[in-house]
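**Q** All I have is the shape, not the residue letters:
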Ligand code: NI
């Protein structure tokens, strides 16, 4: 069991685009476990490799946040191949943007393709919370945070708050 450090805004690594995984080996399987440990410990419902300073295209997620049974899923090289409708994801949050929540416009449903932890192709037809989690985590792999999807004014207020906090703690 390994709990990894989660990078937080304004760490520049969070803007990095992930690179596709070519080969799922023993080392990666350990990384999946470590990512799940980190997600459950946080606690969160999803985690992208970008958030732990790894540039590989990997996400783990569990909308049930069930620490006991850990029914998490791994998606390697996930891509949104179709998205439909629009919902307001209320009070969305992110482990990399601590102590901040905002409403974000998201697609209502999404079809996501990728590989599972064994490297087998999977296709997920998601709606509700799962669709929102997948969009949020795949955004991370593209270097996008949920605060990039809110109004410029709200984002500016948040950024100023963080700057002030960093200054005060320096
Ligand atoms: Ni996040």
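**A** Cool, the structure landed. Everything numeric in this text was worked out from a predicted model, so none of it was measured.

**Q** which helices and strands sit right next to the longest helix along the chain?
**A** Criterion DSSP state H: the longest helix present in the chain is helix 152-169. Helix 152-169 is packed against strand 97-106, with contacts defined by 3 or more C-beta pairs under 8 Å, 6 or more residues apart in numbering; DSSP states H and E. Where you see a C-beta, it was placed from the backbone N, CA and C, and this is true even at glycine.

**Q** Show me the helices in the chain, by range?
**A** Going by DSSP H, the chain shows helices at 26-41, 128-141, 152-169.

**Q** Centre of the chain to the first one, how far?
**A** Distance of helix 26-41 from the chain centroid (C-alpha atoms, centre = their mean, to the nearest Å) equals 14 Å.

**Q** go on, the longest one?
**A** Relative to the centre of its chain, helix 152-169 is centred 22 Å away, using C-alpha atoms, centre = their mean.

**Q** Give me the residue at the spatial middle of the chain.
**A** Note on the chain: the residue nearest the mean C-alpha position is residue 137, at 2.8 Å, using C-alpha atoms, centre = their mean.

**Q** partner residues bridging the nearest residue to that residue once chain neighbours are set aside?
**A** In this structure, residue 137 finds its nearest non-sequential neighbour in residue 59, 4.0 Å apart by C-beta to C-beta, 6 or more residues apart in numbering. Note on residue 59: beta-bridge partners by DSSP bridges are residue 48, residue 75.

**Q** Can you report how many residues lie near residue 59?
**A** Residues contacting residue 59 under the criterion other C-beta atoms under 10 Å number 28.

**Q** For residue 120, give its distance to residue 48.
**A** 20 Å (C-beta to C-beta, to the nearest Å).
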